[in-house]
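Asks: Provided below for reference: sequence and predicted model.
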Amino acid sequence: MTPQQRAIRDQVAAVPARIAAAARAADPEPPSPGEWPPTDIVRHLIAVEEEVWQPRLQQLIAEDGPRWKWTEPDRWLGQPESTLDDLLAMYADQRASTVARLDELGETGWARWGVHDVYGRLDVAGLMRKLLTHDDEHVASLEALWRAPAIP
């Protein structure tokens, strides 16, 4: 793994801690009707990990030049009684699986690429940059839900 690849991999691996900090600091109630509370945001991240990032990495390993359509999964619906901490642990486990796939790629694996209908040709680093952009958007959405400190 090159230093640039290692930096991307480490950023990908660091996201669950950022999500957990932001989700735990957020108001647990949705900000307005139709908006997602922190638990639903984390459920969405679990779904995206399972339905987008992991399958696309697997396709890059198994296929030459896979093609991907735009997809934006809803929320993961499993285990409806899960607490925020339960969901954060599940998300961290899913992301650890994604990072393990990155670790298995080796330098030649990082050079593999696919074609996204919206973004065009993406190698592994490009795909992971899209992952990080998506994650950053959700960290920001959680930070926007942070509880205001109580006024004495």
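Replies: Perfect, I can see it now. Bear in mind the structure is a predicted one, so any value in this text is a computation, not a measurement.
Asks: Give the buried residues for whichever helix or strand residue 140 is part of.
Replies: If you go by DSSP states H and E, residue 140 is part of helix 124-143. For helix 124-143, a neighbour-count test (16 or more other CB atoms under 10 Å) marks 124-131, 134-135, 138-139, 141-142 as buried. All C-beta atoms are positioned from the backbone trio N, CA, C, and that covers glycine.
Asks: same question, stretch 8-21
Replies: Residues of stretch 8-21 classed as buried: 8, 9, 11, 12, 13, 15, 16, 18, 19, 20 (neighbour count, 16+ other CB under 10 Å).
Asks: next one: phi and psi at the second one?
Replies: To tie it back to what came earlier, the one meant is residue 9. Dihedral pair for residue 9: phi -60, psi -40, per degrees, to the nearest 10.
Asks: Excluding chain neighbours, what is closest to it?
Replies: residue 102 (4.9 Å; CB to CB, 6 or more residues apart in numbering).
Asks: Surely the one you found is within a helix?
Replies: Yes. Under DSSP: H, G, I helix; E, B strand; the rest coil, residue 102 sits within a helix.
Asks: Tabulate the buried residues of stretch 8-21 in TSV, adding columns for distance to residue 45.
Replies: Compiled in TSV, the buried residues of stretch 8-21 are given as follows (distance: CB to CB, whole Å):
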residue	distance to residue 45
8	18
9	18
11	15
12	13
13	14
15	9
16	9
18	11
19	7
20	11
